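Engineer: how would this look folded up:
(one chain, ligands or ions: 1)
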Amino acid sequence: MDYDVLILGGGIVGCAVAYELSKYNINIALIEKDYDVANDVSLVNTAVVYDGSETSDYVMAKLENSGMKLIQKHCEKFNLPYKRVGALRISSNDSGNKRLDIMYNKANERGILGVHLIEDNAIYDIEPNLKIKAEKALYSENIAVISPYNLAISYAEVAADNGVNFRLEEEVIDIKNVSKGFKVTTNKNKFTCKFVVNTIPSEIFAGRYVEGKNEVINKKMNYILFNENLDNYINSVIINDIDEDAFVINIPTASKENLIGIKGYDFLSLEDGLQLSKSILQDVKKEVVMNIFTETYSKGNTLIDDNKIQDGYIKVTGSHYSKITIAPAIAEKIEESLKTNMNITKKRDYVDKNREMYTFKNMSKEQRNEIIALDSRYGNIICSCNNVTEGEIIDCIRRPLGARTVEGVKRRTGIGLGSCNGSYCKMKIIKILAREMNESPLSIVYDSMDSKVLVSRIKEFNEI
Ligand SMILES: Cc1cc2nc3c(=O)[nH]c(=O)nc-3n(C[C@H](O)[C@H](O)[C@H](O)COP(=O)(O)OP(=O)(O)OC[C@H]3O[C@@H](n4cnc5c(N)ncnc54)[C@H](O)[C@@H]3O)c2cc1C
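Structural biologist: As a prediction, the model looks like this:
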């Protein structure tokens, strides 16, 4: 057999599984069709970590609660931000108040600590910048925000450092049973393995291609990102239910912006979006809008289907709005499943640590001077919105599973996510990528094979 375990898909779930399994003396590869892992995580590098109190489903609640505890532990280990901001689900009418009572009782039944029902002034004591009317709120102290790319990339880097073979740009096109295992065919290779952990949304088996499960409810989520000039920055996650199907959510991002998500409508115009945003951020104006975008919001349960574990096949099915939160809990369950079905032992030389990364913008003056003395490229600011240096870009390209696309550099360093939206730094990123990869700037892509950034050379500039 070529591998003991093949993990299909390099989203946050695949990366978390690779991390958990890399502790063992087994031969593992992860197959991902894109240029980079965790390509589909999110458009903004901020995700909410849920605690299991908001969902009506008991199984999802359990996964969320254990995922939350694991993410907190992993962020500490990998030196990643884990901001416990708390969440207030507010209401100002009877039906909303009743919904909060039900949610509170469920949280208690589930044994989730740190969840409270509060009223009137107690709400504004927690969030003084909230200017809208709220009678009652379900307050969860546990809710946190994290940078999901950095978490997914850290899982992948540690797994790669511990021997997992990441096969990027390979698309799985077929999986077949063979004696004591599987044959997995990609657009480039054929591999045999004893176990398959399939995290890709579609099912591809013996030539049959089945799209992701259709019990999933897909809705549009409209987002508006407000910059740091917004009056009354809100520090907590705030959820204001409009009715049973629609809500507005405020998420404080890792870089002090407020992200408003609006669920329950199709594509909203900026004007309509701003109007709905006022149900949380009363004073919003067009001038402080940094970005608008729409994503598909899914509400279908995520399950670990290990019915075929005796044959060596595990499939993670379904998509869910809290899949980042539950990713490490899914990985732990898969690890347990494999441990009982495979004779595996732990590695003695396992290194459960990611390589250090220097973030110039978070460093003190002394630390900055120290690193510039070691490498002068840390003194060359490439992104003046977010203070990202040439040194950080080079490091993110040279790391294990380093960035090879403009989007990959953006996600690892935060470059281009400032108020200029990359207009001042994109060319510089392309130039550094081309130099580090020893390629022509014309071959650098934005994120996927068919997304070349420069179409052609129009003049013989010496610079590029
Ligand atoms: C609008 C929105 C907001 C969200 N906010 C949050 C949040 O705040 N908190 C939270 O916990 N979660 C959140 N989520 C959920 C979360 O972002 C995603 O559900 C999660 O990233 C999915 O991870 P995954 O690994 O399951 O799937 P994916 O990221 O889709 O990974 C699957 C991977 O498989 C690869 N692939 C597909 N087909 C093939 C093939 N044939 N061969 C090889 N590779 C293949 C894909 O390229 C992809 O990289 C949000 C989701 C959305 C849409």
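
Engineer: Would you mind listing what in this protein touches the ligand?
Structural biologist: 8-14, 31-34, 39-42, 47-48, 171-172, 199-201, 221, 295-297, 319, 321-325 (Cβ under 6 Å from any ligand atom). For every residue, glycine as well, the C-beta is placed using N, CA and C.

Engineer: Out of those, name the ones that lie in strands.
Structural biologist: Under the assignment DSSP state E, these contribute 8, 31, 47-48, 172, 221, 295-297 to strands.

Engineer: quick revisit: any of the residues of the chain next to the ligand buried? List them.
Structural biologist: Buried members of those, counted by 16 or more other Cβ atoms under 10 Å: 8-14, 31-34, 39, 41-42, 47-48, 172, 199-201, 221, 297, 319, 321-325.

Engineer: sorry, back to before: which one of the ones in strands among the residues of the chain next to the ligand sits closest to Pro81?
Structural biologist: Ala47 (11.4 Å; Cβ to Cβ).

Engineer: Please report how far the spatially closest residue to the closest one that is not a sequence neighbour lies from Ser154.
Structural biologist: Spatial nearest neighbour of Ala47, chain neighbours left out: Pro148 (4.2 Å); criterion: Cβ to Cβ, 6 or more residues apart in numbering. Using Cβ to Cβ, to the nearest Å, we find Pro148 at a distance of 11 Å from Ser154.

Engineer: Between the two, point out the one with more neighbours.
Structural biologist: Neighbour count, other Cβ atoms under 10 Å: between Pro148 and Ser154, Pro148 has more, with 26 against 23.

Engineer: And whichever residue of the stretch 351-464 of the chain sits closest to the ligand, how close does it get to Pro400?
Structural biologist: Among the residues of the stretch 351-464 of the chain, Ser448 lies closest to the ligand, at 9.3 Å counting by Cβ to the nearest ligand atom. Distance from Ser448 to Pro400, counting by Cβ to Cβ: 21 Å.

Engineer: for Pro252, same thing?
Structural biologist: Pro252 is 31 Å from Pro400, by Cβ to Cβ.

Engineer: Between the two, which has more neighbouring residues?
Structural biologist: Pro252 (20 against 14).

Engineer: Domains in this structure, by residue range?
Structural biologist: The record's domain parsing of the chain by automatic domain parsing lists 3-42+149-214+301-341, 87-141+217-299, 360-443.

Engineer: For Asn79, find the nearest of those.
Structural biologist: domain 3-42+149-214+301-341 (8.9 Å).

Engineer: What are the neighbouring residues in contact with the nearest residue in space to Asn229 that is not next to it in sequence?
Structural biologist: Once flanking residues are discounted, Asn229 sits nearest to Val288: 5.2 Å by Cβ to Cβ, 6+ apart. By Cβ atoms under 8 Å, 6 or more residues apart in numbering, the contact list for Val288 reads 226-227, 229-230.

Engineer: Over to Thr405?
Structural biologist: Contacts of Thr405 (Cβ under 8 Å, 6+ apart): 35-36, 433, 444-448, 451.

Engineer: export the residues you listed to TSV and tack on neighbour count, secondary structure and pLDDT?
Structural biologist: Output for these, formatted as TSV (neighbours: other Cβ atoms under 10 Å; DSSP: H, G, I helix; E, B strand; the rest coil; pLDDT from 0 to 100):
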residue	neighbour count	secondary structure	pLDDT
Tyr35	19	coil	91
Asp36	25	coil	92
Leu433	25	helix	97
Ile444	21	coil	95
Val445	19	strand	94
Tyr446	16	coil	92
Asp447	18	coil	88
Ser448	15	coil	82
Ser451	13	coil	88
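
Engineer: Quickly check those for the two that are furthest apart.
Structural biologist: Longest span within the contacts of Thr405, Cβ to Cβ: Leu433 and Ser448, 14.9 Å.

Engineer: Tell me which residue in the chain sits closest to the ligand.
Structural biologist: When scored by Cβ to the nearest ligand atom, the chain has Gly11 as its residue closest to the ligand, at 2.1 Å.

Engineer: Could you pull out the helices in the stretch 1-150 of the chain for me?
Structural biologist: Remark: helices assigned in the stretch 1-150 of the chain by DSSP state H, counting those that start in this stretch are 12-21, 58-77, 94-109, 121-126, 148-161.

Engineer: out of those, deepest packed?
Structural biologist: The highest average neighbour count among the helices of the stretch 1-150 of the chain, using mean count of other Cβ atoms under 10 Å, belongs to helix 12-21 at a mean of 28.

Engineer: and that one, what does it pack onto?
Structural biologist: In terms of contacts (3 or more Cβ pairs under 8 Å, 6 or more residues apart in numbering; DSSP states H and E), helix 12-21 is packed against strand 3-8, strand 28-31, helix 148-161, strand 190-198, helix 323-341.

Engineer: closest one to Arg167 among these?
Structural biologist: strand 28-31 (4.9 Å).

Engineer: Now do Asp305 against Ile314, distance only.
Structural biologist: 7 Å.

Engineer: Could you check which of those two is surrounded by more residues?
Structural biologist: More crowded of Asp305 and Ile314, by other Cβ under 10 Å: Ile314, with 24 against 15.

Engineer: Surely that one touches Ile304?
Structural biologist: Yes - at 6.6 Å, Ile314 counts as touching Ile304 under the criterion of Cβ atoms under 8 Å.

Engineer: which neighbours do those two share?
Structural biologist: Joint contacts of Ile314 and Ile304 (Cβ under 8 Å, 6+ apart) are 334, 337.

Engineer: residues contacting Gly11?
Structural biologist: 37-41, 152, 199.

Engineer: in the stretch 151-300 of the chain, which segments are predicted with low confidence?
Structural biologist: Applying pLDDT under 70 to the stretch 151-300 of the chain flags the ranges 205-218, 298-300.

Engineer: any chance you could map the helices in it?
Structural biologist: Using DSSP H, counting those that start in this stretch, helices in the stretch 151-300 of the chain cover 270-277.

Engineer: In stretch 237-256, which residues are buried?
Structural biologist: So, applying 16+ other Cβ under 10 Å, buried residues of stretch 237-256: 237-241, 247-255.
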